[in-house]
Each structure stands twice: as C-alpha cells, then as structure tokens.
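> Let me see the structure of the following:
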Amino acid sequence: MASLARKLEEKQLHRWVGAWARDRLSRRARDAESITDVLFCLCDHHEPLWGGEPRERALERVERWRTGYPKLVRGLEDAGGRGPRHTFFYPGDHYDPDLVEGLAELARTGHGEFEVHLHHENDTATTLRAMFEETLENFGRHGLLPIVDGKPRWCFIHGNWCLANARADGRHCGVDDELPLLWDLGCYADFTFPSAPDESQPGLVNVIAQPTGDLRRRRSYERAEPVRVGTRRREELLFVQGPLALARRQGSLRVRIENGDLQGNDPPTLTRFRSWLAQHVHVAGRPEWSFIKVHTHGSPEKNAFAMLGEPTRRFHEEMLAECKERGLRLHYVSAREMVNVAEAAMAGESGDPRAHFDRRVPRAAVVGDRS
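Presented below is the predicted three-dimensional model:
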C-alpha cells in the first residue's frame, strides 16, 4: 500500500483520476454516441532553441519544418476538403526574427497559425506584463496575430505548465493573478492543460470551462465550471482542455496516462485517437461536436523526425479512414478555430461547425486560405 501511495503521488494521479473515473460513469460516455463532427487540433509548443542549442541548430530546425510540413500533409483532406492545420505556440522567450519568419511562411501558405507560449520565472505582474507586451510587439512585426478592435487577440500555453503560479515551490511563474493579466492583454483562451503527470494538473478534466471565483489566487484555474449551451461568454479566459485518461498501452496490458502528448517514442496512433475520442471533450448540450486537442514539442530532432515522418502520415490516413467508416466528419482546425466553434456551441448554434471557424476572432492577416 505504501508503494502504491508513492506511485500515485509521483504521477500526481490523486489530483485528477477520481474526477476522470466519475466522468466515465456519467452521461458523457453515453453522449459520445451522438458525435457527428470531430474537431482535431494539434498544438505545438514549438521551441527552436530547446536544449540550449546554438542559433545555427535552431535555424536548421525551423528549415526542417518549413520544407517538411507541406510534404507531410500533401493530399490529406478532411470532410471539408481542408488539409491539417498546425498551431505553433511559439515562445516569446525564444524570439528571433529569422526563426519566426521561417515558420511564418507556413502560416502564409495556410498550413498553420501562430499563438503565444512563454517560459518565465520569479516574475511580478509588472515584469510579466512587460514580457508579454514585448512578445506581442515582436509577433506583430510578422502579422501573425489577429487584430480585433485594434488589439491583438491570442491563445496561450504556459511554459512548464505553470499557469497562475501553479507549483508549490513557486518556480516557473511567480504571478498568482496571471489569468486577469492575460485577459487584459488580449488573450481569450488557454490551451495549457492537460499537464498530467505534472503537479499543475487541475482536478477538472476533459472539459471546456470558464474560471469562477477570485482570479487573483494561485492556481485560480482550479475553480472553473464546464460550459454548456446557453452559458454566457464572460470576459475571462476559456479553458480548452485536451483529453486525459488512463488507457491501455498498445499491444500491452499495462496502463498508461494518456494525455495527448505526441513524442518521437510515442507518436500518434489510431489506438490513441480512439482513446482521445472516447473522452468526448465537448460543450455540454452539444454532444455532436467533439473536440480533440493534442500537443507536441515538435522542434527537437527526437520528435520532429516522427512528427514530420511516416508515423504521423500513417496516423492521419488511418484517422481519416476511421472517421469515414464510423460516419464522422473530421475537421482539421487551428486553436483559434476550435475556440470559435466552442463559443458557437455555447451560443446555441448547431449543424455544420465549419460555419463558425471565424465566428468572433478572424484569421490573422498573414494566414493563407489553403483548402
């Protein structure tokens, strides 16, 4: 028992597995039978300088994606005839105009969109605001973020998962009231979670939610309520979670934490897709629209060779075939488009989600239209 307790604490399972188990026993599993449309979003914590590599290596990494991604997705088409959309959550602390410009070409050709990622530590609200403002100004030089009412609008993933000063030791953030700061600067949605087995993982899983209570408190994202049809969109971040579950390892009786993390030694597979779909992340009352948000760190070589190679190409082909066989319409979406569709569901919209891809936040001016 002591060994089991240590294992549970090491993997931080106590933070979320109870909620996940209750969810599996709830109406959600039965609602999954109502799915007609699957919205698939791949969010990349894209860090060319990962590992402290020199600029020359970072430029090589960017070039690998600039040339390799169009080849990877050539000929792949979803239910609307669109190819995959890659969302680059680029870290402001890795900004270099040449690195960003190399990836910006993929946005111009309609292969992807840009959002904000940031690693920071020992900050105050004042110093963090300055970091975000600098990041937004840098991205603005490349035209990578949508502008609404004269203000950049963007989604966010926190570096090291530490949203709202999540860690008990205070590392990798320092700002308890990070959520209202993000909103004030134009951020409208957070894509940080799931983060399991990290200690920042919230107890609420497999939902799209809005925060409640005092947003100045540490880990204020823990206090959130799932959105549903008829929920008013408040002037606060929308939390878009990816699937989180305990699942069988492919070809094994062993159980794994399935958190949607795509790596070189754990690439996307049809088995994993089925697990993601089974978690049925959706807006309550609109079960026919199912949201799958997965993530990767696509820049380091150990992951890039899988993400740009045969394992990922095979996954897309199998996922498309699986959806067609099951009578599901698969839609490749960016993070921005996923939020727009979620807000449409909250507003009571139904039917074809493609009608809502640009509902409230439009594409950045630089983003091409690749059908």
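> Chain neighbours aside, what residue packs nearest to Asn259?
Pro194 (4.8 Å; Cβ to Cβ, 6 or more residues apart in numbering). C-beta here means a position set from N, CA and C on the backbone, and glycine is covered the same way.
> can you check Ser220 too?
Distances taken as Cβ to Cβ, 6+ apart place Ala164 nearest to Ser220, at 5.2 Å, with adjacent residues excluded.
> before we move on, the earlier item: how far away is the residue nearest to Asn259 from Arg15?
Separation of Pro194 from Arg15 (Cβ to Cβ, to the nearest Å) stands at 10 Å.
> give me the low-pLDDT residue ranges for the stretch 1-150 of the chain?
1-10, 27-32 (pLDDT under 70).
> Would you map the helices across it?
Assigned by DSSP state H, counting those that start in this stretch, the stretch 1-150 of the chain shows helices spanning 2-10, 17-24, 27-31, 55-73, 97-108, 125-141.
> Any chance of CSV for the ones you listed, columns distance to Pro226?
Formatted as CSV, those follow (distance: least, Cβ to Cβ, whole Å):
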stretch, distance to Pro226
helix 2-10, 25
helix 17-24, 10
helix 27-31, 10
helix 55-73, 32
helix 97-108, 32
helix 125-141, 28
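> Of those helices, flag the one that's most buried.
Ranked by mean neighbour count under mean count of other Cβ atoms under 10 Å, those are led by helix 97-108, which reaches a mean of 19.
> Export that one to CSV, keeping only CA atoms.
Below are the C-alpha coordinates for helix 97-108, written out as CSV (Å, rounded to 0.1, in the frame of the first residue of the first chain):
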residue,chain,number,x,y,z
PRO,A,97,13.1,37.4,-36.3
ASP,A,98,14.7,34.8,-38.7
LEU,A,99,13.4,31.8,-36.7
VAL,A,100,9.9,33.2,-36.6
GLU,A,101,9.9,34.3,-40.2
GLY,A,102,10.9,30.8,-41.4
LEU,A,103,7.8,29.4,-39.7
ALA,A,104,5.6,32.3,-40.7
GLU,A,105,5.8,31.0,-44.3
LEU,A,106,3.7,28.0,-43.2
ALA,A,107,1.1,30.5,-42.0
ARG,A,108,1.1,32.4,-45.3
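> coming back round to it: determine the three-state secondary structure at the residue nearest to Ser220.
Going by DSSP: H, G, I helix; E, B strand; the rest coil, the secondary structure assigned to Ala164 is coil.
> just checking, it touches Arg223?
No: counting by Cβ atoms under 8 Å, Ala164 sits too far from Arg223 to count as a contact (10.5 Å).
> Helices of the stretch 201-350 of the chain, residue ranges please.
Under DSSP H, counting those that start in this stretch, the stretch 201-350 of the chain gives helices at 270-279, 301-307, 310-325, 335-346.
> Show me whatever sits in contact with both of Ala164 and Arg223.
Arg217 (Cβ atoms under 8 Å, 6 or more residues apart in numbering).
> what about these two, which has more around it?
Ala164 (26 against 16; other Cβ atoms under 10 Å).
> list the contacts for that one?
Contacts of Ala164 by Cβ under 8 Å, 6+ apart are Cys173, Val175, Asp176, Asp177, Glu178, Leu179, Arg217, Arg218, Arg219, Ser220, Tyr221.
> could I get these as JSON lines with pLDDT?
Listed next are these as JSON lines, based on pLDDT from 0 to 100:
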{"residue": "Cys173", "pLDDT": "97"}
{"residue": "Val175", "pLDDT": "98"}
{"residue": "Asp176", "pLDDT": "98"}
{"residue": "Asp177", "pLDDT": "97"}
{"residue": "Glu178", "pLDDT": "98"}
{"residue": "Leu179", "pLDDT": "98"}
{"residue": "Arg217", "pLDDT": "95"}
{"residue": "Arg218", "pLDDT": "96"}
{"residue": "Arg219", "pLDDT": "97"}
{"residue": "Ser220", "pLDDT": "96"}
{"residue": "Tyr221", "pLDDT": "97"}
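> Sweet, I'm off.
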